[in-house]
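using only what follows, build the 3D model:
(chains A and B)
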Amino acid sequence: MIYIEQTNPMQLLCIEKERKIDATLLTGLICGALLGFVMQRGRFCLTGGFRDMYIAKDNRMFYALLIAIAVQSVGVYTLIQLGVIEFSAGTFPWIAVIVGSFIFGIGIVLAGGCATGTWYRAGEGLLGSWIALFGYMLMSAIMKSGPLLPVNNSIQSFQFSNNSIAETTGLPVWVFIAIFVAIVIGIVMKEQRKPKVMIPTMRQRRTGLAHLLFEKRWHPFFTALLIGLIAILAWPLSEATGRMAGLGITTPSANILQFLVTGDQSILNWGVFLVIGIFLGSFIAAKASREFRFRMPDAKTSMTSFIGGIIMGFGASLAGGCSIGNGLVMTAMMTWQGWVALLFMILGTWTASYFVFVRPNLKKKSVANNQTILNT
Amino acid sequence: MKKTLDVLGQVCPFPLVEAKEIIEEISSGDELVIQFDCTQATESLPRWAAEAGHTVTNFEQIGEATWTITVQKK
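Residues are numbered from 1 along each chain as shown, chains lettered A, B, ... in the order given. Coordinates of the predicted model:
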């Protein structure tokens, strides 16, 4: 009798688990597909955005990111207030966040896209992004459950006990959200007042919904608004499956590889389906817009992408997040981790941009100048 | 005169970096035809041309993920 009573709850637990996996699969895939679709159509590239702040003195994509953060922050804290979701900021492993984010910033320039960017570009058929993605997944798994786990853990052990900006300062979180939202509204108004340059567009071939979805150029700020809304949606959907977080890319990417080599189904959480969804959503968007094609880079670019992916995986695992997990989500949650990570990943991007884009150009120019002097 | 820049297979920001370089080599009124397949360049190339004051005389998709843009130097 006792024996039966002991087995029954176990069986129930199994059924419960299976049911959860089903729900996980569906909502994660849908949320990811929306994100991949929007990012592909909106050409939402954070690597390009951070890079262009420096090499083109163009802040538009960075401002777009700030809009997405603001939208998410208001939405998620409203949900927390209403008791729909839970959030705990945890501790702030500051050295790991600073060093990891800076390294991540270097990696994304070499890989030609951040973690999410690489996922969605893989969906466009860019094989260089498949290569970068493999390096990224591999290194993330090595850092999270492989031989570099002790290194990762020891660097992450330097922590401040408070990660929440509100808790550290003793002020309500809404104060910070209000200030931030005001700043973002100010930026948007200033940007809209700038004299408009007529940007040439391609001749319209489609009409109605097909034109809006698969042809029209999306304004980065509109794309950012959608991304903010998807980021809000991710919280309740993910938490319903027991994963207490919002959008995240690095851990789920590592999880895919961990699952493939261990066969352990418990690794397959909502996040795994989210990243697979990004790939599928981007593929659907690209295919329908006639923007999908397998494209193979040359050997040198392939190597750079692979190394970039490895560096990106190392940095993101150390920092506990990528440009989405830290840069978009932890910033919106008003944590030290998010904002410090964002600052240092931008600095990393600029450092790598100097060596990859600025310096070679300067060299070329100085050679050209020398030649002119010699000729005259 | 027309000059063609083929940056098929190159990812951003290289199509733009090369376009900026090559346009220095042609004279005012000449055209630069850029063939590219980096999706993000459909945004960055026309933006650059417009902001730099050049004229875009042709901009179209010529196949699956392949585009051409013609920029006439100011």
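
centroid-nearest residue for chain A?
When chain A is reduced to its mean C-alpha position, the nearest residue by CA atoms, centre = their mean turns out to be A:Ile324, at 2.9 Å.

average model confidence for stretch A:278-287?
For stretch A:278-287, mean pLDDT is 97.

cool, and stretch A:175-190?
Averaging pLDDT along stretch A:175-190 gives 98.

for the residue of chain B positioned farthest from its centre, give me its contacts.
Largest separation from the mean C-alpha position in chain B: B:Glu64, at 17.8 Å (CA atoms, centre = their mean). By CB atoms under 8 Å, 6 or more residues apart in numbering or on different chains, the residues touching B:Glu64 are A:290-293. Any C-beta I mention is one placed from the backbone N, CA and C, and that applies to glycine too.

and if you look at B:Ala65?
Counting by CB under 8 Å, 6+ apart, B:Ala65 touches A:124-125, A:286, A:290-293, A:295, B:37, B:39.

so which strand or helix has the closest residue to it other than its chain neighbours?
Distances taken as CB to CB, 6 or more residues apart in numbering or on different chains place A:Arg293 nearest to B:Ala65, at 4.0 Å, with adjacent residues excluded. For A:Arg293, there is no host helix or strand (DSSP states H and E).

count of neighbours near A:Arg293?
By other CB atoms under 10 Å in any protein chain shown, the residues close to A:Arg293 number 15.

so it touches A:Leu127, yeah?
No - A:Arg293 is beyond contact range of A:Leu127, at 10.3 Å (criterion: CB atoms under 8 Å).

show me the helices in chain B, by range?
Here chain B has its helices, by DSSP state H, at B:14-25, B:41-52.

wait, which of those helices is closest to A:Phe50?
Proximity to A:Phe50 (CB to CB) singles out helix B:41-52 among those, at 14.5 Å.

which bits of the stretch 251-376 of chain A sit near chain B?
Residues of the stretch 251-376 of chain A lying near chain B by CB under 8 Å from any CB of the partner chain: A:286, A:290-293, A:295-298, A:301, A:357, A:361.

and if we set it to 10 Å?
A:286-287, A:289-298, A:301, A:305, A:353, A:356-357, A:360-361, A:364-365, A:368 (CB under 10 Å from any CB of the partner chain).

cool, and the stretch 1-150 of chain A?
A:40-45, A:47-48, A:51-52, A:55-56, A:58, A:60, A:109, A:112-113, A:117, A:120-121, A:124-126, A:128-129.

please pick the buried ones from those residues.
Listed as buried from those are A:40-45, A:47-48, A:51-52, A:55-56, A:58, A:60, A:109, A:112-113, A:117, A:120-121, A:124-126, A:128-129; burial here means 16 or more other CB atoms under 10 Å in any protein chain shown.

residue in the stretch 251-376 of chain A nearest to chain B?
Of all residues in the stretch 251-376 of chain A, A:Arg293 sits closest to chain B, at 4.0 Å by CB to the nearest CB.

could you dump the contacts of B:Glu64 into TSV and include pLDDT?
Compiled in TSV, these are given as follows (pLDDT from 0 to 100):
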residue	pLDDT
A:Arg290	94
A:Glu291	95
A:Phe292	96
A:Arg293	94
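
give the PyMOL command for selecting the buried subset of the residues you listed.
For the buried members of those, the matching PyMOL selection, counting by 16+ other CB under 10 Å, is:
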select buried, chain A and resi 291+292
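
adding distance to A:Ser282, write the contacts of B:Glu64 out as CSV.
Formatted as CSV, the contacts of B:Glu64 follow (distance: CB to CB, whole Å):
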residue, distance to A:Ser282
A:Arg290, 14
A:Glu291, 10
A:Phe292, 9
A:Arg293, 13
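
you'd agree A:Ile142 is up against A:Leu149?
Yes - between A:Ile142 and A:Leu149 there is a contact at 8.2 Å, judged by CB atoms under 10 Å.

neighbour count winner among those two?
A:Ile142 (20 against 14).

give the contact list for that one.
Applying CB atoms under 10 Å, 6 or more residues apart in numbering or on different chains to A:Ile142 gives the contacts A:148-149, A:151-152, A:254, A:257, A:310, A:313-314, A:317.

6 Å instead, please
If you count contacts by CB atoms under 6 Å, 6 or more residues apart in numbering or on different chains, A:Ile142 has them with A:Leu148.

about what we covered before: in helices, which of the residues of the stretch 1-150 of chain A next to chain B fall?
Short answer: the residues of the stretch 1-150 of chain A next to chain B in helices (DSSP H) are A:40-42, A:47-48, A:51-52, A:55, A:60, A:109, A:117, A:120-121, A:128-129.

wait, doesn't the residue nearest to the centre of chain A sit right on A:Thr116?
Yes - A:Ile324 is in contact with A:Thr116 according to CB atoms under 6 Å; the separation is 5.1 Å.

between those two, what contacts are shared?
Common neighbours of A:Ile324 and A:Thr116, using CB under 6 Å, 6+ apart, are A:Ile249.

surely A:Ile103 touches A:Ser317?
No - the criterion here is CB under 6 Å, and A:Ile103 misses it with A:Ser317 at 10.0 Å.

more crowded one of those two?
Taking neighbours as other CB under 10 Å, A:Ile103 and A:Ser317 compare with A:Ser317 leading, 29 against 22.

what sits closest to the more buried one if chain neighbours are left out?
A:Met143 (3.5 Å).

got it, and A:Ala288?
Excluding the flanking residues, the one nearest A:Ala288 by CB to CB, 6+ apart is A:Phe214, at 4.8 Å.

how many residues are close by the one you found?
Neighbours of A:Phe214 under the rule other CB under 10 Å: 18.

tell me how far it lies from A:Thr207.
Separation of A:Phe214 from A:Thr207 (CB to CB, to the nearest Å) stands at 11 Å.

quote the end-to-end distance of stretch A:346-362.
End-to-end distance of stretch A:346-362: 22 Å, with CA to CA, to the nearest Å as the criterion.

end-to-end on stretch A:103-117?
17 Å.

what sits up against that stretch?
With contacts defined as CB under 6 Å, 6+ apart, stretch A:103-117 is touched by A:45-47, A:118, A:121, A:132, A:249, A:304-305, A:307-309, A:311-312, A:315-316, A:319, A:322-324, A:345, A:348-349, A:352-353, A:356, B:11.

re earlier: I'd say the residue nearest to A:Ala288 and A:Arg290 touch.
No - distance between A:Phe214 and A:Arg290: 8.1 Å, which falls outside the contact criterion (CB under 6 Å).

which other helices and strands contact whichever strand or helix holds A:Met189?
Following DSSP H and E, one finds A:Met189 within helix A:173-193. Helices and strands touching helix A:173-193, by 3 or more CB pairs under 6 Å, 6 or more residues apart in numbering or on different chains; DSSP states H and E, are helix A:60-81.
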